[in-house]
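J.: curious how this folds, go ahead:
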Amino acid sequence: MDNAEKTRRELPTAAALDVARVLISEDEIAERVGVLARLIEADYRSSGKKLVLLGILKGSVVFMAELMKQLRLPVEIDFMKVSSYGGGTTSSGSVTILLDLKRNDISDCDILIVEDIIDSGRTLSYLVDYLKLKGAASVKTVTLLDKPSRRVVDFEPDYRGFEIPDEFVVGYGLDYDEKYRALPFVGVLKPEFCEK
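T.: Numbering: from 1, shown residues only. Have a look, this model is predicted:
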């Protein structure tokens, strides 16, 4: 039995039944987050600015917490909440800021936007430009998951955990209708449990 199957079997019954298969195991995520942390450290070690991890609520919280624990640099954290989903599993195409970043020291900050998943690229493309206009010293992005097949704008994250196929995934902070965030892995949700 591989780690992914072992993880799935240890889940609470209801959650296990809703997941068609484990796409990325808990162990694989932990290993990759460590690699990302080393890459980020190398890039920011001599910056001289404050490194601010900017989590995009709510999906990035689990990934951001794990990344922060792995980083061997002083970091600050902050949050923004944005919406580009109108319900269901598809993006509306417009970005709305629901909770903005408010800092008086933004010009002294290297902002690293932490996201759970990128598909169309609209949200992060918009936020990078927005934060640069607000005066951030630098703005980069890190995402746990990337679906480049869904891209509608020219955008590439600076740091990427995993490239995944165009399937609806949950777990490790990602949800469907506020469920499944606490799963310790990334899994593909059975079609009958999500609207297309």
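J.: can we go C-alpha only for contacts and neighbour counts from here?
T.: Fine.
J.: give me the pLDDT value at the residue nearest the centre of the chain.
T.: Centroid check for the chain by C-alpha atoms, centre = their mean gives D116 as the closest residue, at 1.5 Å. Looking at D116, its pLDDT reads 97.
J.: for it, which non-adjacent residue is closest in space?
T.: Leaving aside its sequence neighbours, D116 sits nearest to S60 (C-alpha to C-alpha, 6 or more residues apart in numbering; 4.6 Å).
J.: in the chain, which helix is the longest?
T.: helix 26-44 (DSSP state H).
J.: buried ones in stretch 184-196, by neighbour count?
T.: P184, F185, V186, G187, V188, L189 (16 or more other C-alpha atoms under 10 Å).
J.: what pLDDT, on average, does that stretch get?
T.: Mean pLDDT, stretch 184-196: 83.
J.: C-terminal to the longest helix of the chain, what's the next element?
T.: Proceeding N to C from helix 26-44, the next assigned helix or strand is strand 50-57, under DSSP states H and E.
J.: from D154, how far out is the residue lying closest to G161 once chain neighbours are set aside?
T.: With C-alpha to C-alpha, 6+ apart as the criterion, G161 has its nearest non-adjacent residue at 4.4 Å, and that residue is L144. Distance, L144 to D154, by C-alpha to C-alpha, to the nearest Å: 19 Å.
J.: between those two, which one's more packed in?
T.: Remark: of L144 and D154, L144 carries more neighbours, 23 against 9, as counted by other C-alpha atoms under 10 Å.
J.: who are the contact partners of the more buried one?
T.: By C-alpha atoms under 8 Å, 6 or more residues apart in numbering, the contact list for L144 reads F63, E115, D116, I117, R160, G161, F162.
J.: and D154, helix, strand or coil?
T.: coil (DSSP: H, G, I helix; E, B strand; the rest coil).
J.: correct me if wrong: it contacts S120.
T.: No - under the criterion of C-alpha atoms under 8 Å, D154 makes no contact with S120, lying 9.2 Å away.
J.: what mean pLDDT would you report for the helix or strand harbouring I77?
T.: For I77, the enclosing helix or strand under DSSP H and E is strand 76-85. On average, the pLDDT along strand 76-85 is 89.
J.: any residues touching that strand, and which ones?
T.: Identification of contacts with strand 76-85 by C-alpha under 8 Å, 6+ apart yields 50-58, 91-101, 123.
J.: having no further points to raise, I will conclude here.
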